[in-house]
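> Curious how this folds, go ahead:
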Amino acid sequence: MSDNRNTILAVILSGLVLIAWQYFYNMPQMERQRAQTAAQTEAGKTTPGSTAPGSVAPGSTAPQPGAAPSAATPGGQPGAAQPVVSREAAIAASPRIKIETPRLSGSIALKGARIDDLALEKFRETVNPKSPAIVLFSPSNTAHPYYAEFGWVAASGSKARLPDRDTVWQQEGSGALSPGNPITLKYENGEGLTFRRIITIDDKYLFTIKDEVTNVGSAPITLYAYALISRHGKPKIAGYAVRHEGPIGVMGDQCLRQGFSIIAECQEGSYDVLDKERQLVFNKIKNAWFGITDVYWAATLLPDPNTTLNARFSADGTGDLTKYQADYLLEPVTVQIGGTSTADARLFGGPREVATVDQYDRELKLNRFELLMDWGRFYFITRPMFWVLDWLYHLVGNFGVAILLLTVLIKLVFFPLANKSYASMAKMKSVQPQLAALKERFPDDRQKQQQEMMEIYRKEKINPIAGCLPIALQIPVFFSLYKVLFVTIEMRHAPFYGWIKDLSAPDPTTIFNLFGLIPWDPMMLGAVVGPYLMLGVWPIIMGITMWFQMKLNPTPPDPTQKMIFDWMPLIFTFMLAGFPAGLVIYWAWNNLLSVLQQSYIMRKNGVKVELFDNIKSMFAPKKAVEKT
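Residues are numbered from 1 along each chain as shown. Below is the predicted model of the structure:
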């Protein structure tokens, strides 16, 4: 009975690992291939029932932000192909106001008054600090247009001239936009309406926009203030299930993201969902924020939490010409003759830094803006783990060392449970001669063997499955650390020592080119074979430490279970080779600490530590092993 139970448990644990590997590694690759095929097919068709940007959202009689000329695809109708120019040429094509802050650089186009040129100066494309800064926003007619826009939409039937994408605004005063130095833009429509826009920026990543319209014309006018973030073309995404990329937000009591959230009502939000649904509409909501996110960067609209608005995510066009947009429309305001109306908006455009996101969440009284960070299913473990890891980093100055210290702290937390488990394993090893004697006494009666075995376990107070407890305890910790390494920008490009320049990336070395001595890259063999040959130093160290740990344990009596345990270190070595180096370092260090802890407990319980004896027996002749 015990043998069967142990075998089943071992198979289940191995299966869970294999399923997790399939889910987090193989499936994303297959999904990317499927998405590419679907995009190629879709590019040649017209999506039936697609809604143009100027249409009315279901359940709403108000115009949508896309109804304004400024929200249409640059150069004409939505989806119309336009000549692509370089980013530099597009920026030089219109007069601009510079953005100068310690963390951001870029410019605001006076033509259209769009925030469409933004780079993150603290973050670089590669680990080389001299590599180009990360570009977040780019103007229209570039290869990847991405911008934020604010303005007014007139009520249905109005023919008033409003500023649009072709409007050239005038700057009142001079100077660049910087912290403590806001800019003011002005436009007069020649019909009695004067529009002013005051843009302020803080020392991080928050733009505050105040739109003001004054009416000295001959009739009142009803206007709707809007804000939008528009991204043209689906970006290249990593496709990992643990990373959310695409539409994101909290819409009152609902949330929009991919996967799990601690908010009850949740809709899946991804580029593929928008391609299918064409629109996701949220009418008459308050307490909302939303936008578009990449793995490490995000652009989100942050309206006043007390303001009622109609929000929408939309996709227009097909294939590479698809325009993904997040926008909202405020309640209508009527500007009387001689009157003035204002509308406030906020834009976050920057990295998903935990401290920065938490600061804005707290200071602006937003609705769970912390969910911009995708902490995952183990939220209650992942977030505290990051806090501790970040605290240790600021203590020692290296995230790799912080991971090693975090592992020690985790071992201390689980010390009582692990001690109990290892003590049970030590007792199990001490009764191995008795178990072997049972097979000689009852060679043909397996049921009697099981009964006597359970009796021995009962007398000695041994839990036969206690040995699996340390591995079981590691699973949520492992995936939480995996999440932290994958989604937090603090871990991006964080070095360790030696050849590990980025703990969030796999070990760049591989045994198949003698760790760089041979000028050959296994990835040249393609995505199917290449990743399996990227077997670096740290995954090999991890596999060796796991093998040592397995050899400390009693040899399972069941041949199937023994085979699984014998092959598990090798399987894990290849499986974890493509995982972030920080995670592999954690696992290797944890294995080493477990070996030391288990050896100590075995000695304490009077059990001989036969690690080296077990290793030697693997290389001894089979007959010699049988005699011993």
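> quick check: domain ranges of the protein?
The chain resolves into domains spanning 2-23+382-627, 104-374 when parsed by automatic domain parsing.
> what's the span of the last one, first residue to last?
Yep, that's domain 104-374 we're talking about. Separation of the first and last residues of domain 104-374 by C-alpha to C-alpha, to the nearest Å is 24 Å.
> Check the offset of it from the chain's centre.
Its chain's C-alpha centre and that of domain 104-374 lie 21 Å apart, by C-alpha atoms, centre = their mean, to the nearest Å.
> I'd like the numbering to begin with 30 instead of 1 from here.
Taking 30 as the first residue, the last one we looked at is domain 133-403.
> tell me the mean pLDDT for it?
Average pLDDT, domain 133-403: 89.
> what's the spacing between Lys394 and Met579?
When distance is defined by C-beta to C-beta, to the nearest Å, Lys394 is 53 Å away from Met579. Backbone N, C-alpha and C define where each C-beta goes, glycine included.
> Make sure Phe319 is indeed in a helix.
No - according to DSSP: H, G, I helix; E, B strand; the rest coil, Phe319 belongs to no helix; its state is strand.
> quick revisit: comparing the domains of the chain, which comes out most buried?
Comparing the domains of the chain on average neighbours per residue, with mean count of other C-beta atoms under 10 Å, the densest one is domain 133-403 at a mean of 19.
> Wait, Gln283 touches Phe311, no?
Yes - Gln283 lies in contact with Phe311 (C-beta atoms under 8 Å); the separation is 7.0 Å.
> what is in contact with these two at once?
Both Gln283 and Phe311 lack any common contact, where contact means C-beta atoms under 8 Å, 6 or more residues apart in numbering.
> show me where pLDDT drops low in the stretch 480-629 of the chain?
By pLDDT under 70, the low-scoring segments of the stretch 480-629 of the chain are 490, 492-503, 555-561, 582-588, 590.
> Which residue ranges of the stretch 80-229 of the chain form strands?
Using DSSP state E, counting those that start in this stretch, the strands assigned to the stretch 80-229 of the chain run over residues 125-129, 133-138, 144-153, 162-166, 175-183, 199-201, 212-217, 222-230.
> so what strands line up beside the second one?
The partner list of strand 133-138 in its sheet, established with DSSP bridges, is strand 125-129 (antiparallel), strand 144-153 (antiparallel).
> How about residues contacting the shortest one?
With contact meaning C-beta under 8 Å, 6+ apart, strand 125-129 is reached by 134-139, 146-147, 200, 205-207, 212, 230.
> Just the strands from the stretch 230-379 of the chain, written as ranges.
With DSSP E, counting those that start in this stretch as the criterion, the stretch 230-379 of the chain has strands spanning 235-244, 250-261, 275-280, 283-285, 294-296, 308-314, 317-322, 326-330, 338-345, 352-359, 362-364, 369-380.
> Reformat those strands as CSV; add distance to Val113.
Written out in CSV, the entries for the strands of the stretch 230-379 of the chain read as follows (distance: least, C-beta to C-beta, whole Å):
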stretch, distance to Val113
strand 235-244, 27
strand 250-261, 11
strand 275-280, 23
strand 283-285, 31
strand 294-296, 33
strand 308-314, 27
strand 317-322, 21
strand 326-330, 21
strand 338-345, 19
strand 352-359, 15
strand 362-364, 39
strand 369-380, 23
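> Looking at the ones you listed, spot the one closest to His522.
Comparison of the strands of the stretch 230-379 of the chain against His522 by C-beta to C-beta identifies strand 369-380 as nearest, at 11.8 Å.
> Quick check: what element follows that closest one along the chain?
On the C-terminal side of strand 369-380, the closest following helix or strand by DSSP states H and E is helix 383-392.
> Okay, angle between that next one and strand 317-322 too, please.
Orientation check (axes from the mean of the first three to the mean of the last three C-alpha atoms, to 10 degrees): helix 383-392 against strand 317-322 gives 160 degrees.
> Quick check: the residue nearest the centre of the chain vs Tyr486, distance?
What sits nearest the mean C-alpha location of the chain, by C-alpha atoms, centre = their mean, is Arg272, with 3.1 Å. When distance is defined by C-beta to C-beta, Arg272 is 45 Å away from Tyr486.
> try Pro334
60 Å.
> what do you get for Cys284?
Look at Cys284 and Tyr486: by C-beta to C-beta, they are 49 Å apart.
> For Met402, list the residues it contacts.
Taking C-beta under 8 Å, 6+ apart as the criterion, Met402 is in contact with 381, 383, 386, 412, 516-517.
> Apply 7 Å and report the result again.
381, 383, 386, 516 (C-beta atoms under 7 Å, 6 or more residues apart in numbering).
> Show the model's pLDDT score for the residue sitting furthest away from the middle of the chain.
Residue farthest from the centre of the chain, counting by C-alpha atoms, centre = their mean, is Arg470 at 58.2 Å. For Arg470, the pLDDT comes out at 79.
> how about the strands in the stretch 380-529 of the chain?
Assignment of strands within the stretch 380-529 of the chain using DSSP E, counting those that start in this stretch yields no ranges at all.
> ranges for the helices of it?
Counting by DSSP state H, counting those that start in this stretch, the segments of the stretch 380-529 of the chain that form helices are 383-392, 408-425, 428-442, 444-459, 461-470, 475-489, 498-516.
> what's the first one in contact with?
Contacting residues not belonging to helix 383-392 are listed as 233-235, 377, 395, 398-399, 401-402, 415, 517, 519 [C-beta under 7 Å, 6+ apart].
> quick one: which of the residues you listed is nearest to Val182?
Minimum separation from Val182 among the contacts of helix 383-392 (C-beta to C-beta) is found for Phe377, which lies at 22.9 Å.
> What separation do you get for that closest one and Phe236?
Between Phe377 and Phe236 the computed distance is 8 Å (C-beta to C-beta).
> now swap in Leu395 and tell me
Using C-beta to C-beta, Leu395 is found at 15 Å from Phe236.
> now swap in Met575 and tell me
The gap separating Met575 from Phe236 is 50 Å, by C-beta to C-beta.
> swap in Val242?
Val242 sits 19 Å away from Phe236, taking C-beta to C-beta as the criterion.
> got it, and Ile258?
Counting by C-beta to C-beta - Ile258 and Phe236 are separated by 12 Å.
> Which residue is the nearest non-sequential neighbour of Gly204?
Once its chain neighbours are removed from consideration, Gly204 has its nearest residue in Asn210; the separation is 5.8 Å (C-beta to C-beta, 6 or more residues apart in numbering).
> what pairs with that neighbour across the strands?
Asn210 forms beta bridges with Ser207, as assigned by DSSP bridges.
> Tell me the bridge partners for the closest residue to Pro174 other than its chain neighbours.
Here the nearest residue to Pro174 in space, its sequence neighbours aside, is His261; by C-beta to C-beta, 6+ apart that works out to 4.1 Å. According to DSSP bridges, the residues that bridge with His261 are Lys352.
> right, and His261 touches Lys352 too?
Yes - with contact taken as C-beta atoms under 7 Å, His261 and Lys352 are classed as touching, separated by 5.0 Å.
> Can you name the residues that contact the spatially closest residue to Leu424 that is not a sequence neighbour?
The shortest distance from Leu424 to any residue other than its chain neighbours is 7.6 Å, reached at Ala431 (C-beta to C-beta, 6+ apart). With contact set as C-beta under 7 Å, 6+ apart, Ala431 has these partners: 418, 421-422, 425.
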